[in-house]
Structures are given as structure tokens and as C-alpha cells.
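Novice: Sharing a model that was predicted from the sequence below.
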Amino acid sequence: MKLALLDDYLGVALDMAAWQRLAPRLEVTSFREPIKDQDALVRTLLPFDAVMCMRERTALPRAVIERLPMLRLIVTTGMWNAAIDIEGAAERGILVCGTRDVGHLTAELTLEMILALARRTHFEERAMREGRWHVGLGQSVRGRTLALLGLGNLGRQVARFGQMLGMTTIAWSQNLSEAAAAEAGCRLVARDALFREADYLTIHTRLSDRTRGLVGARELASMKPTAFLINTSRGPICDEPALYEALKNRTIAGAALDVYSEEPLPMSAPIRALDNVILLPHLGYVAEENWRQMYGDGLEAVEGFLAGTPVRALNAPRMECNHLPSASSGGGMVRMEGEVTEDERAIRHVVATWMQASRSGDTATMLSLMTEDVVFMVPGREPFGREVFEAVAGAPGAMQIDGTNEIVEIQVLGDWAFTRNRIELSIRPPTGEPLHRSGYTLTLFRKEADGRWRLARDANLLAVKS
């Protein structure tokens, strides 16, 4: 099984879990650089059976998932991910699993940002590096109003921090009750009052169609000119152009941001030029304790998938899948090479042999089935189920395989190509009744330096049934 660890910016993912305990069944590759272009992402992920995503750093929409025929498992850090089409994955028979996290890191960072804005520590540190000394006057947060947009787990933690510092805490969210607010030590206010009364407005709500743009030009205009905004949730909850204008025109005093609609934040983003905003590179959940928790849970998710016992599943794949080990890992051997036709509609002139030792120690060889020029190789170590293969390969004398092979899909993308075939097989062993099998296969090819196409992966069969 091949696993891709995406967006490992710090290059530490391979050290955060005991991946080696699944060797040689699991081959893990880490990717440090973000892959924003969808075609490049598909080319990168084509050979992989599984992908682990770091939150919403890389999106896996339906348009990408449908072009990854080998993909059987997606693991996301956290127990939800708006950037993954979880329903689309289920329709393709792909399991999506989540991970736990330590649960308090973002609240800690929010507190740090409140205090940094109040005492101007980030601005003063920057000024010192430029040779200046004392460039502004800070303030105490005691007695100030902390307004919480959202009062879930993180919001309640931040509320307790504020109360510890002597701040007055108010809160609003669409479904927040007066009793729930009071239990957290907060006063429930109307939405407009939340912005109007805030000295420090912190955002703790999930991104959804309902919350996208929730903090817009009207809300920012209603805030005090001395107020600060802190966003450690998701960038698009704030109307970013409106926030930029409010900061540039000093409609509000300043902001501290850890999240953006596009991450990493482009160098051309105009907000980088403002002197009244603290910009952090989405650090809310970035800490060694969390990395070990999430990557450790990712390893558990892979182990569960291989064992057929999903861990922290976020969907229920509706296509029955049979994930088979590769022939090479089972002691067999596959050789295949060929070329793609000029119109890139077929892979042809392929020479293929699949070999696997039988129970008796003899070698059983299956040659490819042919439909005109296009060759289909019986893939995998157990093409018809272990018990059927052993019954056929272990029997004395010759066996006969008849059938049809229809290519129902071919895709060529750069140096990669795959075929999806519909097969109908009739296997006549020397003794016993004929065996009939039908289903779909996937075979992945890669173009080598000599220009010929060779088999890259043949490890997956989809819903092969009698």
C-alpha cells in the first residue's frame, strides 16, 4: 500500500508516528510543498492508495477524487474537513477517516493574540529590529469587553481565559441559548450588539455556507474605532476585502489573523503592507503534541483499513471494494510493457505475464486475455479469491480460461495512464465444476525514459464477485 502525506511543511511527518511498524506492507511518502494545481495534484497522487491531508491545506473535491482510480483511503487531521468531498469519496468507494487533536492549542494562540494586540508586543519587537524604541502605547485588557462569535469548545476556553484576566465576556451565535451562555460565564447579546460592544472580537465558528462572510463591511463599520478583531477559525468567515479596507482606513484599531481564504498567504496580498495587523501562518493547531496525536491516529486509520476495521470513519463507502496486496509482496511476479496509441485511446502491444506459486510449490502462469490489440492482464495476487486460485493452480493438469475483456475507461495524464476494464471469466479447472467471475479491474501504467509504458500498479480489484 502506498500512502502520501500531504503538506508536511516542516518535513517532520515521517518522525511523528511509527510508520515503520507497517513495513513492508506500507510505503510512505511525504510532500513538503503545497500542490495547488489540480492537474499537478492528480499526477502526484495517481500511484497512491491512500492520502493523509493536513486540515484544509490541500482540497480534494469530487473533480480530483474521480481522477484517482487507485485511491481507497483518505485520512484527514481532525474530525471534519470542508475541503474534502466526503460524500463524493463514499460514492467512489473511498473510506474517509479522521483523527483526534489535543483540543486547546487554538485557544492558547487566541489568548496570545489578544495580549499581543493589547500590549503591542509584535509591533514593538518589529520596531526594535529596525533600530527604534517605544513606538506606541499599549493598554490593559482588564475591564475590557471580550466578544465571542461562537461559544463552542474553543469559544468557552477563550471565555475562561478572558474572565481570568478580568474581562467582561459576551457571546452570540445563531443557536446559542441564554442558559448555555450563562453556563460559560457570558452574557448572551444580539448579533449587532456583539460587534457594537466589542473591544476584542474573537471568532470561533466553523466555516459553512451560512458563516461565509459572516463578518462583513456592515459589521466592521459598527465596531468601535478602538476595537480589535482576532480570527483563528477560518479566513472566509470574514469578508477579507472589507476587513482590509476597515484596517487601512482605521475603522477598527487593528486585527490579528491566523487564517486566510488562500493559504499560504500570497506575497501579493495587500494586507501584508498594513502596519496594524498581526499575521501568523495558521499556527492554531501547530505543535508537537498535536502532530504526534494526529499522525499517530493516521497510522491507526491505515492499520484499521488494512485490517478491515475502520477507525474514526467519517463516511460509509457504498461501492464494495476488495483491496488486494500487490503481486510482488506476495511472492509472485508481474512483467508488463507496451505503448499508448497515437490517439491515446488505448494501451496496446502489451506483453504481460503473471506468475504465482501454487500450494504444491509448482509455478502457475497466467497469460493475458486479449481483445484485439488491447491486452488485459489478470491483476493482483488473488484475482478470483484465494480459495479459487489455489483450487485452480494447485490442481494437476492444464486449466482453461475463457472470457471477455472490455475497456470501459482510459485516461492518460502526462506520464501516467490507467485503464478500467469490465471482465467476464469462465475458469475450467482439470477437475470440478467451472468457475464464473465478473467485475472491474484497474491497472496503472507509467511512461519510462525510453518512451515505453510499463506497469506501475495492479494491486486493486473493484467488486469482483461470482
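Specialist: Great, that's in hand. Numbering: from 1, shown residues only.
Novice: Could you use CA atoms for every contact and neighbour count after this?
Specialist: Fine.
Novice: For residue 158, grab the count of nearby residues.
Specialist: Residue neighbour count, defined by other C-alpha atoms under 10 Å, stands at 25 for residue 158.
Novice: what do you get for the one 3 residues further on?
Specialist: As a burial measure, the neighbour count of residue 161 was computed by other C-alpha under 10 Å and equals 17.
Novice: go on, residue 296?
Specialist: Number of residues near residue 296 (other C-alpha under 10 Å) recorded here: 18.
Novice: Mind listing the residues bridging to the residue most central in space within the chain?
Specialist: What sits nearest the mean C-alpha location of the chain, by C-alpha atoms, centre = their mean, is residue 53, with 2.8 Å. Beta-bridge pairing of residue 53, defined through DSSP bridges, involves residue 76.
Novice: need the contact list for it.
Specialist: 5, 6, 7, 74, 75, 76, 77 (C-alpha atoms under 8 Å, 6 or more residues apart in numbering).
Novice: Can you show me the helices along the stretch 201-350 of the chain?
Specialist: All helices of the stretch 201-350 of the chain, identified by DSSP state H, counting those that start in this stretch, fall at 217-221, 240-248, 288-307.
Novice: Using JSON lines, please lay out these together with distance to residue 157.
Specialist: Below are these laid out as JSON lines (distance: least, C-alpha to C-alpha, whole Å):
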{"stretch": "helix 217-221", "distance to residue 157": "24"}
{"stretch": "helix 240-248", "distance to residue 157": "25"}
{"stretch": "helix 288-307", "distance to residue 157": "17"}
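Novice: Send me whichever strand or helix holds residue 124 as PDB with only the CA atoms.
Specialist: Element membership for residue 124 (DSSP states H and E) is helix 121-129. Below are the C-alpha coordinates for helix 121-129, written out as PDB (Å, rounded to 0.1, in the frame of the first residue of the first chain):
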ATOM      1  CA  THR A 121       4.400  43.300  21.600                       C
ATOM      2  CA  HIS A 122       4.600  42.200  17.900                       C
ATOM      3  CA  PHE A 123       4.800  45.800  16.700                       C
ATOM      4  CA  GLU A 124       7.400  46.800  19.300                       C
ATOM      5  CA  GLU A 125       9.500  43.700  18.500                       C
ATOM      6  CA  ARG A 126       9.400  44.600  14.800                       C
ATOM      7  CA  ALA A 127      10.400  48.200  15.600                       C
ATOM      8  CA  MET A 128      13.300  47.200  17.700                       C
ATOM      9  CA  ARG A 129      14.800  45.100  14.900                       C
END
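Novice: For burial, what's the neighbour tally of residue 15?
Specialist: In terms of burial, residue 15 registers 11 neighbours under the definition other C-alpha under 10 Å.
Novice: same deal with residue 145?
Specialist: 21.
Novice: follow-up on the earlier one: run through the neighbouring helices and strands of the next helix-or-strand element following the helix holding residue 124.
Specialist: The element immediately downstream of helix 121-129 (helix or strand, assigned by DSSP H and E) is strand 145-149. Strand 145-149 makes packing contacts with helix 153-164, strand 168-172, helix 191-197, strand 200-203 when contacts are defined by 3 or more C-alpha pairs under 8 Å, 6 or more residues apart in numbering; DSSP states H and E.
Novice: in its sheet, what does the shortest one sit against?
Specialist: What that stands for is strand 200-203. Here strand 200-203 has these sheet partners by DSSP bridges: strand 145-149 (parallel), strand 228-231 (parallel).
Novice: Out of those, flag the one nearest residue 164.
Specialist: If you check each of the strands paired with strand 200-203 against residue 164 by C-alpha to C-alpha, strand 145-149 wins as the nearest, at 11.8 Å.
Novice: what angle sits between that closest one and helix 153-164?
Specialist: Using axes from the mean of the first three to the mean of the last three C-alpha atoms, to 10 degrees, the direction of strand 145-149 lies 180 degrees away from that of helix 153-164.
Novice: Farthest-apart pair in the contacts of residue 53, please.
Specialist: Considering C-alpha to C-alpha, no two members of the contacts of residue 53 lie farther apart than 7 and 74, which are separated by 14.1 Å.
Novice: which one of those two has more residues nearby?
Specialist: Neighbours around residue 7 and residue 74, counted as other C-alpha under 10 Å, are more numerous at residue 74. The numbers are 26 against 21.
Novice: Tell me if that one really is in a strand.
Specialist: Yes. When DSSP: H, G, I helix; E, B strand; the rest coil is applied, residue 74 is found to be in a strand.
Novice: OK, contacts around it?
Specialist: When contacts are counted by C-alpha under 8 Å, 6+ apart, residue 74 is found next to 50, 51, 52, 53, 94, 95, 96, 97.
Novice: Recalculate using a threshold of 6 Å.
Specialist: Each residue near residue 74 by C-alpha atoms under 6 Å, 6 or more residues apart in numbering is listed here: 50, 51, 52, 96.
Novice: domains of this protein?
Specialist: Partitioning the chain according to automatic domain parsing yields domains covering residues 2-102+288-319, 105-279, 328-465.
Novice: Just send those domains back as TSV, with mean pLDDT too.
Specialist: Formatted as TSV, these follow (pLDDT from 0 to 100):
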stretch	mean pLDDT
domain 2-102+288-319	93
domain 105-279	97
domain 328-465	48
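Novice: do you know how far the residue nearest to the centre of the chain is from residue 34?
Specialist: 11 Å (C-alpha to C-alpha, to the nearest Å).
Novice: Kindly report the same for residue 69.
Specialist: Between residue 69 and residue 34 the distance is 22 Å, computed by C-alpha to C-alpha.
Novice: of the two, who's got more company?
Specialist: Neighbour tally, residue 69 and residue 34, criterion other C-alpha under 10 Å: the higher count belongs to residue 69, 22 against 15.
Novice: So the more buried one: helix, strand or coil?
Specialist: At residue 69, secondary structure determined by three-state DSSP is coil.
Novice: who's in contact with it?
Specialist: Counting by C-alpha under 6 Å, 6+ apart, residue 69 touches no other residue.
Novice: again with residue 7
Specialist: The contact partners of residue 7, by C-alpha under 6 Å, 6+ apart, come to 31, 32, 33, 34.
Novice: How many residues are close by the spatially closest residue to the first one that is not a sequence neighbour?
Specialist: What it means is residue 31. Nearest residue to residue 31 in three dimensions, chain neighbours excluded: residue 6, at 5.2 Å (C-alpha to C-alpha, 6 or more residues apart in numbering). Using other C-alpha under 10 Å, residue 6 has 22 neighbouring residues.
Novice: in the stretch 1-150 of the chain, which spans are strands?
Specialist: Secondary structure of the stretch 1-150 of the chain (DSSP state E, counting those that start in this stretch): strands at 2-5, 27-30, 50-53, 73-76, 95-97, 145-149.
Novice: Check the offset of the fourth one from the chain's centre.
Specialist: Which is strand 73-76. A distance of 6 Å separates the C-alpha centroid of strand 73-76 from that of its chain, computed with C-alpha atoms, centre = their mean, to the nearest Å.
Novice: How about the longest one?
Specialist: The gap between the average C-alpha position of strand 145-149 and the chain average comes to 32 Å, counting by C-alpha atoms, centre = their mean.
Novice: Count the residues that sit near residue 280.
Specialist: So residue 280, with other C-alpha under 10 Å, has 15 neighbours.
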